[in-house]
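Colleague: I need the structure of the sequence given here:
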Amino acid sequence: MNVTLSPLIHLIDDDEAVRSSLALLIGTVGLRVQTWADSQDFMRRFDHQDIGAIVLDVRMPGISGLTVLDSLIAQGVDQPIIMLTGHGTVELCRRAFKSGATEFLEKPVDDEILLDALQNAVRQHVRSRQRNLANRHAQEHYGQLSEREREVLGLIVEGLTNKEIGRALGLSPRTVETHRSNVFAKLEVESLALLIRNYAALVAQSDT
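Modeller: Next up, the predicted model:
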């Protein structure tokens, strides 16, 4: 997955005039836009790997925007979703946020508010994808460690010296140093601080 690809905004609205005007507006800040008149067509053809965000009208013929929102969240879609409506109510807003919407904006939407929401959403999504990618790489590297190397890693993170690790595991300091070097090489880290940070992230992932 290449998170450096130009972000893509999916705009779903049955009103052609709204699609055209909002697509033109969004393009002014350098974001690519793909418009959809039909929510079911969008659901069939949407690429979950896209980097960007989704702008979704609440009231559409056929499947409503809230139903589409529920379906996207159920599928594990991680793109931020901004809901638009011309008939906003407190209950509708509450429902959208409860279902997982990032923003809820009323039509006619203010240009600056929409663009600001979209740019924030895209930045959020890029950071999320980069973080997830880094976590997957860390998991893959951790999987390359032998059982003994994992034991040494745990004791390194606890702050033990090579001699203390050797006594704890019944190993010579030279053997501990070899395992230590292997741990740093396999995890592709060059400092103790980075090793500890990556290990803490792995533990946090295993607890979720």
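Colleague: in which helix or strand would I find the spatially most central residue of the chain?
Modeller: Centroid-nearest residue in the chain: residue 128, 3.0 Å away (criterion: Cα atoms, centre = their mean). Using DSSP states H and E, residue 128 sits within helix 111-142.
Colleague: Kindly report the same for residue 84.
Modeller: strand 81-85.
Colleague: could I get that strand in PDB with only the CA atoms?
Modeller: In PDB, the C-alpha atoms belonging to strand 81-85 read as follows (Å, rounded to 0.1, in the frame of the first residue of the first chain):
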ATOM      1  CA  ILE A  81     -16.900   9.800   6.500                       C
ATOM      2  CA  ILE A  82     -18.400  13.300   6.300                       C
ATOM      3  CA  MET A  83     -22.200  13.400   6.200                       C
ATOM      4  CA  LEU A  84     -24.200  16.100   4.400                       C
ATOM      5  CA  THR A  85     -27.900  16.900   4.800                       C
END
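Colleague: before we move on, the earlier item: now find how far off-centre whatever helix or strand comes next after the helix holding residue 128 is within its chain.
Modeller: Using DSSP H and E, the helix or strand that follows helix 111-142 towards the C-terminus is helix 147-157. Remark: helix 147-157 is offset 30 Å from the chain centroid, using Cα atoms, centre = their mean, to the nearest Å.
Colleague: can you check stretch 153-160 too?
Modeller: Computed by Cα atoms, centre = their mean, the chain-centroid distance of stretch 153-160 equals 30 Å.
Colleague: residues in contact with that stretch?
Modeller: Applying Cβ atoms under 8 Å, 6 or more residues apart in numbering, the external contacts of stretch 153-160 come out as 145, 164-165, 168-169, 180, 183, 187, 192, 195-196, 199-200. No exception for glycine: its C-beta is placed from N, CA and C like everyone else's.
Colleague: Having no further points to raise, I will conclude here.
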